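Q: here is a sequence with its predicted model. Questions after.
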Amino acid sequence: MLLRFLRTFGEGCFGRVGGAIWNRFLIGAIVMKGTECPTPPLRWLVDRPIWENQWPLPHGKLVALRELVQEQLDQGHLEPSTSPWNTPVFCIKKKSGKWRLLQDLRKISAVMEGMGTLQAGMPSPTMLPADWPVLIVDLKDCFFTIPLHPDDRPKFAFTVPTVNIAEPTQWYQWKVLRQGMQNFPVLCQWYVARALSGVRKQFPDAHVYHYMDDILVATPTQDELLRLQPQLLNALHSHGLQVAPEKVQQQPPWKYLGVKILERTIRHQEVQFVQSVKTLNDAQKLVGVITWLRPYLGLTTAQLSPLFELLKGDTDLKSPRELTPEARKVLEEVQQAVSACQVYHIEPSIDVTVFITTPDLHPAGIIGQWNDDWTDPLHVLEWVFLPHQPHKTATALFELIARLIIKCRQRCLQLMGADPSKIILPVQREEFDWSYANNVSLQSALEGFSGQITYHLPSHKLLQVAKNTQFSLRPKNSQEPVQGPTVFTDGSGKTGKAIVTWQDGSEWQVLEGHEDGSAQLVELKAAVMAFEKFSQEPSNLITDSAYVANIAQQLGCSVLKEVSNPALFDLLKALWCAIQARVHPYYVLHVQSHTNLPGFVAEGNARADKLTNPAWVAPQPDVLVQAKASHGFFHQNAHTLQKQFQLTATEAREIVESCDDCRVLGAPLPAGVNPRGLKALELWQTDVTQVAEFGRLKYVHVTVDTFSSVMWASAHTGEKVRDVIAHWRQAFAVLGIPSAVKTDSGPAYASQQVRQFLQSWGVSHNFGIPHSPTGQAIVERNHGTLKRVLQKQKQGMQGETPHSRLAKALYTINHLTVPQNSNNPVILNHHLSLQASDGEQQPRAKVRVRNLVTKQWEGPYDLIAMGREYACVSTDTGTRWLPSKCVCPDLRPQRQNLADRQGGSCDQLESHQVDESSSDHSDDSSTDSD
């Protein structure tokens, strides 16, 4: 009965002649057993076995697992095992209600050496010649029919558990490939390719396409295809590969790898796009599908731009997204294009041509064939596109065209093994000759090309947009000064002033604008003003900004990349539009500022620089205004302002309280008691904090000198050993080499590399209490100080790098912060301490210390250091750091002298002193010393 069914199936699929061949193949298949051809052995990274215990399974799943295992044993896919390898198995129920056997192979794949990629992509059906008959075969359960190498089978062993461990577990290993293991696609491709190798040799004129378990065969004639069929089926069976009868296709339309193949044309199969986009993950999937369809649909970058916009913003895959009306319209256009657009089979007798188009100045390529005798003279084989965004901020159009030519030539080599016969460019011959002579990119793109290059696109609806787009490959900026006004530009991030100045006869003219942000943004604003002012005549632009000079020369005849900084992109776009609208050439010269050189250029640049400086435009009327301006830039604290500008305490506080950036940030908490250095470079504290707005450089390593409070901070991509060592190298270079450094006991600080690094520099290493923030209280407070300064200065540092922002914040903290007990900034105190002589020791004050256990006052001891809420005392057992409430002056000698003069009792006075001290601190029974 089975044989009768297979014969009837063969006649239905292959016709009468093909059915006869199919019947002969069946008879041979029944009597012939497939020869097992093992796959190449796998390479392993370890010699020791991997054993992962099997986890318990519920009774229902255990019953299903045993049935599945027995089924695979009966089919010869499993065999009993005594392997020392083991990984867990489990089963899940599919929607159909059937169970599926799965194995957790993650640990196995981790110790397996990768085999690379055998097939970099899918074969293109456009390379099938028109009107060739086609046969498509789909292999059934490909991975279950490909044997593992005998030496590798023990690695894929597993055990079937029992309830209550009532008996020993059953132990099996796989004889065939397992889906989900590393190298599974490579082994599958290798094995099927080996099975097809004989067919390819026997029929060299046939096109045999193979991708995973999908096989397509095309021959020049139907008779040759009928001769090839039994050989193909026999080769597959001899390697144990089974053909799915229901998926054999011999009549058009053929469906293969997502496309629908007709005799002369190829269309994509119908695709249902997700209409509800709620997250970034949904948007990424949607755009990924459309990108896969683009070679067949010819959708331009400008058309798809609303969909690309959905991928911007929050990088969290679950972050919300929503289809805009523009994106919905694009999605409808894509859906229509899937139904209407088509590509063609190649016609071997017609040359292949590459057509370069430039819709909306975004170059796109068409690999196709042209024949005036066809109904549609242009047969598109494939569309070729560049990435949505160029790599550089401003990329010249001829450079993009050069990249597109390279990509088209590479694709032709992949598809045909040969260059195209012709390349047609949408430019004038003179423009191309000039660009080719002056641009290395075009020369590289056409290196070794022996075909024909023409410069006039033929008339066709797909090429009409490119024909109507007028552009020039020759840049508008001149390499030599032009005959016209010479314009000087400058800008100041401190004042926000953008200045354009030029000499009109004997008078200097000034055009002033304003832009908030960094100096780079303000300089760019000045360049935009200059190009807009002198748009109708040739002009020479002179600037002391290398960035502005470079970008102004690149934007001529270029494509602008959208950058993440909105303010910067708006200015770049304005500058790009101003340059594109020009019809006259311009020249850009970059000069160094503040050179004091003679001549017109240095004079004009100095004049522009002075006009941006408020000290030259309008001198400050008094010290109070100067203090306000300084605080607006650096955001010093009130005490520093008072010392720096000789203000009263009330005036300094009013300046800080009136600042919008400082008013919203609270003051730091009072300092606790933490062991400190008694001189500069005696003891450092180091820790890591995170500043999220720094992006990849969010890990900010902070070091503070516990004596002088001077700080060093650096931004890194992590908190690993290399980051810690890099931070300390910078700190050593700026502050000096400390005697000791204190950190927490994190993995990087506790590593051997850090220990060796500090030993090589002669620095001892102390650790704080694990998981206790109080052990690093000094540097923890400095984290808050640094973040407050960064937040205050954020408004005036838009567009600056994290390193630039840290540099300004550190300057403010170290050079413009005066401690309460000093008249000098912390950096000066730091270096003065290093210069202090080791001369005669000054007498120290005597103090008494309260014993928190006995509640008695002990001493007298020498007072070494006294600060806000803390004191350092030299006791009989060594130096001790204590809260200031536990320390009081030793007044007994003075009281003794007073008692001698008054004739009283010193014991009474001392008792009175102790009673007062005890009453003052009777409620203080604990301390926060570390």
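A: Good, I have the coordinates.
Q: buried set for whatever helix or strand residue 576 lives in?
A: Counting by DSSP states H and E, the element that carries residue 576 is helix 566-580. Buried residues in helix 566-580, counted by 16 or more other CB atoms under 10 Å: 567-568, 571-572, 574-576, 578-579. Just so you know, the C-beta spots here come from the backbone N, C-alpha and C atoms, and that holds for glycine as well.
Q: mind putting these in CSV, distance to residue 149 and pLDDT included?
A: Shown next, in CSV, are these (distance: CB to CB, whole Å; pLDDT from 0 to 100):
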residue, distance to residue 149, pLDDT
567, 61, 87
568, 58, 87
571, 63, 89
572, 58, 88
574, 65, 90
575, 63, 89
576, 60, 86
578, 67, 89
579, 64, 87
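Q: related to what we said a few turns ago, which neighbouring elements make contact with the helix holding residue 576?
A: Here helix 566-580 is seen to pack against helix 519-533, helix 546-554, strand 558-560 when contacts are counted using 3 or more CB pairs under 8 Å, 6 or more residues apart in numbering; DSSP states H and E.
Q: ok, so of the buried residues of helix 566-580, who is nearest residue 123?
A: Of all these, residue 123 sits closest to residue 576, with 41.6 Å by CB to CB.
Q: now the strands: where do they sit in the stretch 251-400 of the chain?
A: Assigned by DSSP state E, counting those that start in this stretch, the stretch 251-400 of the chain shows strands spanning 254-256, 259-261, 265-268, 343-344, 353-357, 364-370, 378-385, 394-396.
Q: related to what we said a few turns ago, quick one: closest of the helices and strands packed on helix 566-580 to residue 263.
A: The closest approach between residue 263 and any of the helices and strands packed on helix 566-580, judged by CB to CB, belongs to strand 558-560 at 40.4 Å.
Q: residue 628: what secondary structure?
A: Look at residue 628: counting by DSSP: H, G, I helix; E, B strand; the rest coil, its state is helix.
Q: scratch that, residue 788 is what I was asking about
A: Reducing the assignment at residue 788 to three states with three-state DSSP gives helix.
Q: and it, how far from residue 885?
A: 28 Å (CB to CB, to the nearest Å).
Q: before we move on, what about residue 196?
A: Looking at residue 196 against residue 885, where the rule is CB to CB, the gap reads 89 Å.
Q: neighbour count for those two, which is higher?
A: Under the criterion of other CB atoms under 10 Å, the comparison of residue 196 against residue 885 puts residue 196 first, with 20 against 14.
Q: contact partners for that one?
A: When the contact criterion is CB atoms under 8 Å, 6 or more residues apart in numbering, the partners of residue 196 are 208, 210, 215, 232, 235-236.
Q: quick one: which of those sit in helices?
A: 232, 235-236 (DSSP state H).
Q: of those residues, closest to residue 165?
A: In terms of CB to CB, no member of those lies closer to residue 165 than residue 236, at 45.1 Å.
Q: that closest one: neighbour count?
A: Neighbour count of residue 236, defined by other CB under 10 Å: 21.
Q: so it makes contact with residue 197?
A: No: using CB atoms under 8 Å as the test, residue 236 is too far from residue 197 to be in contact (11.9 Å).
Q: for residue 448, give its distance to residue 430.
A: In this view, residue 448 and residue 430 are 24 Å apart by CB to CB.
Q: quick one: which of the two has more around it?
A: More crowded of residue 448 and residue 430, by other CB under 10 Å: residue 430, with 12 against 7.
Q: tell me if I am right that that one is in a helix.
A: Yes: with three-state DSSP as the criterion, residue 430 is part of a helix.
Q: can you redo the strands of the stretch 251-400 of the chain as TSV with mean pLDDT and mean neighbour count?
A: What follows is those, written out as TSV (pLDDT from 0 to 100; neighbours: other CB atoms under 10 Å):
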stretch	mean pLDDT	mean neighbour count
strand 254-256	89	19
strand 259-261	88	20
strand 265-268	86	18
strand 343-344	90	22
strand 353-357	92	23
strand 364-370	92	23
strand 378-385	90	21
strand 394-396	81	20
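Q: these: which one's closest to residue 857?
A: Evaluated with CB to CB, those place strand 394-396 nearest to residue 857, the distance being 75.3 Å.
Q: can you spell out which helices and strands pack onto the closest one?
A: Counting by 3+ CB pairs under 8 Å, 6+ apart, the packing neighbours recorded for strand 394-396 are helix 546-554, strand 558-560.
Q: if you set the cut-off to 6 Å instead, what comes out?
A: With contacts defined as 3 or more CB pairs under 6 Å, 6 or more residues apart in numbering; DSSP states H and E, the secondary structure elements packing on strand 394-396 are strand 558-560.
Q: in the strand it packs on, what's buried?
A: Of the residues in strand 558-560, those scored as buried under the neighbour-count criterion (16+ other CB under 10 Å) are 558-560.
Q: got JSON lines for those, with pLDDT and distance to residue 499 too?
A: Formatted as JSON lines, the entries for the buried residues of strand 558-560 read as follows, by pLDDT from 0 to 100; distance: CB to CB, whole Å:
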{"residue": "558", "pLDDT": "80", "distance to residue 499": "26"}
{"residue": "559", "pLDDT": "80", "distance to residue 499": "30"}
{"residue": "560", "pLDDT": "80", "distance to residue 499": "25"}
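Q: circling back to that earlier point, I'd like the helices and strands packed on helix 566-580 as JSON lines, with distance to residue 687 appended.
A: Supplementary listing: the helices and strands packed on helix 566-580 in JSON lines, determined by distance: least, CB to CB, whole Å:
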{"stretch": "helix 519-533", "distance to residue 687": "32"}
{"stretch": "helix 546-554", "distance to residue 687": "35"}
{"stretch": "strand 558-560", "distance to residue 687": "42"}
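Q: tell me the most buried of the ones you listed?
A: Compared across these, helix 519-533 shows the largest average neighbour count, a mean of 24 (mean count of other CB atoms under 10 Å).
Q: neighbouring contacts of it?
A: 487, 489, 491, 493, 498-500, 511, 513, 515, 541, 545, 547-548, 552, 567, 571, 574-575, 578, 799 (CB atoms under 6 Å, 6 or more residues apart in numbering).
Q: quick one: the helix holding residue 576 to helix 546-554, angle?
A: Taking axes from the mean of the first three to the mean of the last three CA atoms, to 10 degrees, helix 566-580 and helix 546-554 form an angle of 40 degrees between their directions.
Q: picking up where we left off before, the strands of the stretch 251-400 of the chain: which one's closest to residue 872?
A: Counting by CB to CB, and looking across all of the strands of the stretch 251-400 of the chain, nearest comes strand 394-396 at 60.0 Å.
Q: and the closest one, which strands flank it?
A: With DSSP bridges as the criterion, the sheet partners recorded for strand 394-396 are strand 558-560 (antiparallel).
Q: phi, psi of the nearest residue to residue 257 once chain neighbours are set aside?
A: Residue nearest to residue 257 in three dimensions, not counting chain neighbours: residue 122, with 5.4 Å by CB to CB, 6 or more residues apart in numbering. Summarising the backbone geometry of residue 122 under the convention degrees, to the nearest 10, its torsions are phi -90, psi 150.
Q: use 13 as the first number for this chain going forward.
A: Noted, 13 is the first residue going forward, which turns the last one into residue 134.
Q: so for residue 134, what's the pLDDT?
A: According to the predicted model, the pLDDT of residue 134 comes to 87.
Q: also residue 448?
A: pLDDT for residue 448: 85.
Q: what is the neighbour count of it?
A: If you count neighbours by other CB under 10 Å, residue 448 ends up with 17.
Q: which ones are touching residue 305?
A: By CB under 6 Å, 6+ apart, the contact list for residue 305 reads residue 280.
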